[in-house]
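J.: based on what follows, work out the 3D shape:
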Amino acid sequence: MKINSIVASVLCASAFFVSCSNKKAEENQVKYTHTTRVDGDAYHFFQVVGTKTPYEVQYAAYANSANSSAKVKEISAEIEKVYGDLLPQLDSLATKFFVDFPIRGAESFAAHTETAATPVSTALDSTSSVAAQPAVNAHAYSDDAYLKHTQHEQAIILDQFTRLSRNTNKVLRDFAADKLHTLEELYKKSGGEIHEGAHH
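T.: Purely as a prediction, here's the structure:
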């Protein structure tokens, strides 16, 4: 009877210690607490770039299909290609490091087709000489607005890739360094200026 009790307690203890292995604990932590395997800078990279790139791909597709200049069509086609190719790579990299991707709540591009809203009907008093003016929709498409938007967003994305190229995680650092030259060239084509050796 004593040997049976010892064997049973040894089996229970070994089962307990096997279930509490470090690898199993890491898997459970990632599974149940949404912990990622990246540091704060890399997590911020995925949040910013993961939010902006799908929007930029959709906006570039719209700009390419709109009545826009040859320069805008060229830039938007290249943005659509570069960022479109980048999205699946970001997705697989995020999956590898347990980062939720695509980013929840990321804004999707929606084209505004109206150039002016409906006229405002306000009651003016009889002494007023100002007539009610139609409200103008500030979000109507224009080539200049698209180019300014593109430069601004590309600067943010380029900054995130530059920061990631100095990350402590070798896989992320190599990924960012590999993409940095292409993104710099795209930024220059859209009118952005890169200051060599500038440190902030």
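J.: how about the spatially most central residue of the chain, what does it touch?
T.: Nearest residue to the geometric centre of the chain (CA atoms, centre = their mean): residue 50, 2.0 Å. Going by CB atoms under 8 Å, 6 or more residues apart in numbering, residue 50 touches 90, 94, 101-103, 106. (Each C-beta comes from the backbone N, C-alpha and C, glycine too.)
J.: now intersect those residues with the strands, please.
T.: Secondary structure from DSSP state E places none of the contacts of residue 50 in strands.
J.: just the buried ones out of these, please.
T.: Buried members of those, scored by 16 or more other CB atoms under 10 Å, are 90, 94, 101, 103.
J.: mind listing the helices for the protein?
T.: Assigned by DSSP state H, the helices in the chain fall at 2-19, 22-33, 40-65, 70-96, 143-164, 170-189.
J.: looking at those, which is buried most?
T.: Here the criterion is mean neighbour count by mean count of other CB atoms under 10 Å, and of the helices of the chain the winner is helix 40-65, at a mean of 19.
J.: what about this protein, any weak spots by pLDDT?
T.: Applying pLDDT under 70 to the chain flags residues 1, 15, 17-21, 112-139, 197-200.
J.: how many neighbours does residue 38 have?
T.: The number of residues packed around residue 38, counting by other CB atoms under 10 Å, is 23.
J.: who are the contact partners of it?
T.: When contacts are counted by CB under 8 Å, 6+ apart, residue 38 touches 46, 97, 99, 169, 172.
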